[in-house]
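A.B. asks: just a sequence and a predicted model for now, questions to come.
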Amino acid sequence: MNDQVKVDEDRAERVEKLQGMGCKRKRVEDVRFTQGKGNYVDDLKLPGMVFGDFVRSPHAHARIKSIDTSRAQALPGVVAVLTAADLKPLDLHYMPTLAGDVQAVLAEEKVLFQNQEVAFVIAEDRYIASDATELVDVEYEALPAIVDPFKSMDDDAPILREDIKDKMEGAHGPRKHPNHIFEWEIGDKEETDKIFAEADVTIKEMLVDHRTHPSPLETCQSVASFDKITGDLTLWGTFQAPHVIRTVVSLISKIPEHKIHVIAPDIGGGFGNKVGAYAGYVCSVVGSIVLGTPVKWVEDRMENLSTTSFARDYHMSTELAATNEGKITAMRVHVIADHGAFDACADPSKWPAGFMNICTGSYDIPTAHLSVDGVYTNKASGGVAYRCSFRVTEAVFAIERAVELLAQKLDMDAAELRLKNFVKAEQFPYKSALGWEYDSGDYHTAMNKAMEAIGYDDLRKEQAKKREAFKKGKTREIMGIGISFFTEIVGAGPSKNCDILGVAMFDSAEIRIHPTGSVIARMGTKSQGQGHETTYAQIIATEIGIPADDITIEEGNTDTAPYGLGTYGSRSTPVAGAATAVAARKIRAKAQMIAAHTMEVHEGDLEWDVDRFRVKGLPEKAMTMQEIAWTAYNSPPPNMEPGLEAVNYYEPPNMTYPFGSYYCVMDIDVDTGVAKTRRFYALDDCGTRINPMIIEGQVHGGLTEAFACAMGQEIRYDEMGNVMGASFMDFFLPTAVETPHWETDFTVTPSPHHPIGAKGVGESPHVGGVPCFSNAVNDAYSFLGAGHIQMPHDAWRLWQVGERLGLHN
Amino acid sequence: MSKSHIELTINGKKVEALVEPRTLLIHFLREEQNITGPHIGCDTGHCGACTVEMDDMSVKSCMTFAVQADGANITTIEGMANPDGTLTALQEGFREMHGLQCGFCTPGMITRAHRLLLENPDPNEDEIRNGIAGNLCRCTGYVNIVRAIQYAAEKMKESPVQEAAE
């Protein structure tokens, strides 16, 4: 007995020493970040480096009549001014977008959105570059702008993209109008229409997920350095996907890929903003090739908010059909997707509307039809996945608002309606009506746990009392209970349906054990704050029994890291995390052979014990991983090659489907429109949990961004196409004062197809949070007959709702 | 452009320089002094990533001209660590409580929290939240930043440390 206790204690001690999966390991990154020793792009200084800055269009839509750069070039300190005329002979005035379109690097004949890049001034310092942008004289002839995406395809709409006006076959099929980009549809239209025609109850609402911006605290930036002697180009930049950037740069510059060295150093937040390729990157590269000196480009905040990508702008006509008892029988959605002036959506190539077809959500809806029309407008291009997998926030917003509207129409409790329609635990793997195969889930357990934690029944009772008091004039405050139950789809993805510009969406890990038993591992992904240096090491520690503190994780240098598709769409854990585990297991398999040979037993006679192989039945006879590493290099078995390393390029067999149950309790003053979040409870199920501390941090951050989007954040345009509020003066980023307190919780339903069962979590809180806040606001006003209230729900707009409902009289 | 002569102390070191009158303090620190801890996040004084200490006050160095710092005593995140090189209670607190993710706001946030705790060594949660309202973080949702500052406040009560580089 005592011996067994001793063995257990010894094992527990060794497990703790590993700092492997499941523990709240403190972050490796923080040692440098807390001392101001992070290494971000703008920290980089190279000898002879010069600075680029853009001349931008004041118009949303205008013809360029002339560009005169002579005054700028005469300014002392200016070394070059690039325009489309300089780029055109190099075939670089347009660049390919991830969505199969092309985008102007510098505007040639027309500008198509306000602040579009027109010329690139390069000078000895950033002040002179900025001065010189004001000395470039551009003559414009203003044209009428299209701001409302519903007017893009009008017969008399001005044609925006003259460069492709005769090209009626787009990257995703036929175009119906010169301002049309694509139509994408999926599902059974005929059967859906039939069910709607015969349904007991239907609801229909135009749900708008408005235009906003990921807005990481560090803007987009790059430094390009071209060596004219060797022909090598080194490009540092804020790249969530450095290898893809290398391939794109090679394709457009014709520099062979092995001569391009892309480095993404520390990145100050990404949230989808830093996936795409931008004019600034291209111009810094061209500038460096032309001048032979390093060129730095750093955008300012206004440029960031108004030019380098946007998110959302989905106008979703959403319908549900149901029985009188509340069983949902069909869903029908049509989307007008405003993509701005160029289709620069960051979606896998075959998915022009991303994974919008996850819009049947967590419910067993037998029949559905979805169609999406993408259109051009005179706004910045993009359509990036802002802290979500591709268009998943939009999809979840549609279904979670629609379910609430249906509950209202049926006069049924919104939680009860959800419970009635959930996909049941025994239905997994579940094939959805719009084509996905959900890997695992237990929605009822999660929902019930959340309802109990928040005290759902008591909240509804309190709300009923408050409503009575409000009707009697005893209070001016109304109470809303927001619910959302989301199913995400992340970890893109299987090569059969996921690629970016033809590159399949695998990811990779390369692990090398040094002779003394410490480790370096290199990854195809790139952290922007997610803590990869900490968590990948935890996976390796558990898999091969070497302490995480002895493992260095490297990312972002395309010369040393294996090719990977980068970090976005919560794909690092599902794809590269899987690659890490598989590569580690290859190492362990080789280690077992070495241990067997050294201890002169059969491989099958060995058992793995935390950090060593033991001979079964002879517990004192063992070899630690460190001992095996030394042996692997210095006395491997005959005919076995020395060394101990492995690489894995992981092709995921399916996506992963994290889910969660969120509740928000909100009090709104109808006279001021000020909404206060009293409680916010978030239960997440992301499968196996690698580092609970980091998961909680991701949930806090995602909820805060969801709060921002739902409650005020917006990129708005006036009718002339002027972008309103492209600075932090107007663009809502919550401070510590406005941000609600977050309560987190979890269940664990591992992914059956992932080597360690992990699903990814970074984006769930954003995806689930946005509809939860909006549902809380809508629930608060529902008893006053408000109908659907569009986001964002800032105080001004909620005050207007009060006006409309006559509450202020 | 004619330049002005300035003399100041940065992280305990005397510095003399010639600067253009329009040069912002953040650019002077980052470009000319190679002090890259403070960052630029917004250009409009809202995000606080550029926060430094100037004569016992938290200052947004993107809203301050270098010439305004003539004669001043400046401390940045680089001057925050204890004289023996160990991490201060605040730096340790941010790591212990997971008060940072991408790290971009962190130098400004810690610099601001440092001054907050000198002004109010025993702040309640509201006072902390209001005290860092000039510093934006996009990653953490602030919960763990508040915990980090509380951690430091507790620790400093146990063993008060001397103010760094002053």
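C.D. replies: Looks like it arrived, so ask away. Note that the structure is predicted; figures quoted are calculated from it, not measured.

A.B. asks: helix, strand or coil for residue 31?
C.D. replies: No chain in the question, so chain A it is. helix (DSSP: H, G, I helix; E, B strand; the rest coil).

A.B. asks: nope, chain B
C.D. replies: helix.

A.B. asks: what about the closest residue to chain B within the stretch 451-600 of chain A, how many neighbours?
C.D. replies: Nearest residue of the stretch 451-600 of chain A to chain B (CB to the nearest CB) works out as A:G529 at 3.0 Å. In this view, the C-beta of every residue, glycine as well, is placed from N, C-alpha and C. Look at A:G529: counted by other CB atoms under 10 Å in any protein chain shown, it has 29 neighbours.

A.B. asks: counting neighbours, what do you get for the residue nearest to it when sequence neighbours are not counted?
C.D. replies: Leaving aside its chain neighbours, A:G529 sits nearest to B:C102 (3.0 Å; criterion: CB to CB, 6 or more residues apart in numbering or on different chains). If you count neighbours by other CB under 10 Å, B:C102 ends up with 29.

A.B. asks: how much space between B:C102 and B:V52?
C.D. replies: Between B:C102 and B:V52 the computed distance is 20 Å (CB to CB, to the nearest Å).

A.B. asks: list the buried residues for the biggest helix by length in chain B?
C.D. replies: The single longest helix within chain B, with elements called by DSSP state H, is helix B:143-158. Under the neighbour-count criterion of 16 or more other CB atoms under 10 Å in any protein chain shown, helix B:143-158 has B:143-153, B:155-156 buried.

A.B. asks: redo these as CSV? Include pLDDT.
C.D. replies: Shown next, in CSV, are the buried residues of helix B:143-158 (pLDDT from 0 to 100):
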residue, pLDDT
B:V143, 97
B:N144, 98
B:I145, 98
B:V146, 98
B:R147, 98
B:A148, 98
B:I149, 98
B:Q150, 98
B:Y151, 98
B:A152, 98
B:A153, 98
B:K155, 96
B:M156, 93
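
A.B. asks: using the three-state scheme, assign the residue of chain A found nearest chain B.
C.D. replies: Scanning chain A for the residue nearest chain B gives A:G36, at 2.4 Å (criterion: CB to the nearest CB). Three-state call for A:G36 (three-state DSSP): coil.

A.B. asks: residue contacts, it?
C.D. replies: A:G36 sits next to B:35-38, B:76-78, B:80, B:107 when contact means CB atoms under 8 Å, 6 or more residues apart in numbering or on different chains.

A.B. asks: switch to 6 Å and redo it
C.D. replies: The contact partners of A:G36, by CB atoms under 6 Å, 6 or more residues apart in numbering or on different chains, come to B:37, B:77-78, B:107.

A.B. asks: for the residue nearest to A:G529, what are its contacts?
C.D. replies: When contacts are counted by CB under 6 Å, 6+ apart, B:C102 touches A:268-269, A:528-529, B:139.

A.B. asks: how about the buried residues of helix B:143-158 in JSON lines, adding distance to A:G566?
C.D. replies: As requested, those are exported to JSON lines (distance: CB to CB, whole Å):
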{"residue": "B:V143", "distance to A:G566": "28"}
{"residue": "B:N144", "distance to A:G566": "26"}
{"residue": "B:I145", "distance to A:G566": "28"}
{"residue": "B:V146", "distance to A:G566": "32"}
{"residue": "B:R147", "distance to A:G566": "31"}
{"residue": "B:A148", "distance to A:G566": "30"}
{"residue": "B:I149", "distance to A:G566": "34"}
{"residue": "B:Q150", "distance to A:G566": "36"}
{"residue": "B:Y151", "distance to A:G566": "34"}
{"residue": "B:A152", "distance to A:G566": "35"}
{"residue": "B:A153", "distance to A:G566": "39"}
{"residue": "B:K155", "distance to A:G566": "39"}
{"residue": "B:M156", "distance to A:G566": "41"}
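
A.B. asks: how is the chain carved up into domains?
C.D. replies: Using chain A here. Annotated domains of chain A cover A:2-38+A:507-650, A:41-143+A:219-267+A:274-306, A:314-492+A:655-804 [automatic domain parsing].

A.B. asks: wait, I meant chain B there
C.D. replies: Here the domain parsing of chain B from automatic domain parsing is B:4-79, B:89-158.
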